[in-house]
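[1] what follows is a predicted structure for the sequence shown.
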Amino acid sequence: MHTLKLIAAGFALLGALHFLARRLKLGGGDPTGFAVKLFLPLWLVAALVNLWVGVNRAGYTLLQEMPFFSLVCTPPRRAILR
């Protein structure tokens with residue numbers, strides 16, 4: 001359930017960044033590209049923080065957390081690149 005919440009948060013973050021980029025007319029003529037360029041590093045940091053919390057706070061091993069890291073990290077990026 002936690003993984004689904006994180007993925008949903010990723011899509012919400014992407015949507016918010018896209019909305020703000022369009023509203024503030026950022027990125028020249030390409031607000032989507034600007035939002036994506038801002039989103040990707042933010043999302044990577046968020047996924048790494050989630051990985052760190054899972055290993056250091058929740059008591060899981062890195063090997064146990066890596067499949068969830070890949071699930072959390074990849075769906076928003078795949079949706080962007082389509």
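    Thanks, I have it. Numbering: from 1, shown residues only.
[2] how near is residue 41 to residue 26?
    16 Å (Cβ to Cβ, to the nearest Å). All C-beta spots, glycine's among them, are computed from the backbone N, C-alpha and C.
[3] leaving out the residues flanking it, which one is nearest to residue 65?
    residue 54 (4.4 Å; Cβ to Cβ, 6 or more residues apart in numbering).
[4] secondary structure class of the one you found, three-state.
    The three-state assignment at residue 54 reads helix, by DSSP: H, G, I helix; E, B strand; the rest coil.
[5] that one: neighbour count?
    Neighbours of residue 54 under the rule other Cβ atoms under 10 Å: 20.
[6] tell me the contacts of it?
    60, 64-65, 68 (Cβ atoms under 8 Å, 6 or more residues apart in numbering).
[7] coming back round to it: tell me which of residue 41 and residue 26 has more neighbours.
    Using other Cβ under 10 Å as the criterion, residue 41 and residue 26 rank with residue 26 on top: 14 against 9.
[8] quick one: secondary structure of that one?
    Once three-state DSSP is applied, residue 26 turns out coil.
[9] likewise for the one 3 residues further on?
    Following three-state DSSP, residue 29 is assigned to coil.
[10] helices along this structure, start to end?
    Along the chain, the segments classed as helices by DSSP state H run 2-23, 31-56, 62-81.
[11] as CSV, those helices with mean pLDDT would be great.
    Shown next, in CSV, are those (pLDDT from 0 to 100):
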stretch, mean pLDDT
helix 2-23, 92
helix 31-56, 92
helix 62-81, 78
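[12] count of residues packed around residue 46?
    Neighbours of residue 46 using other Cβ under 10 Å come to 16.
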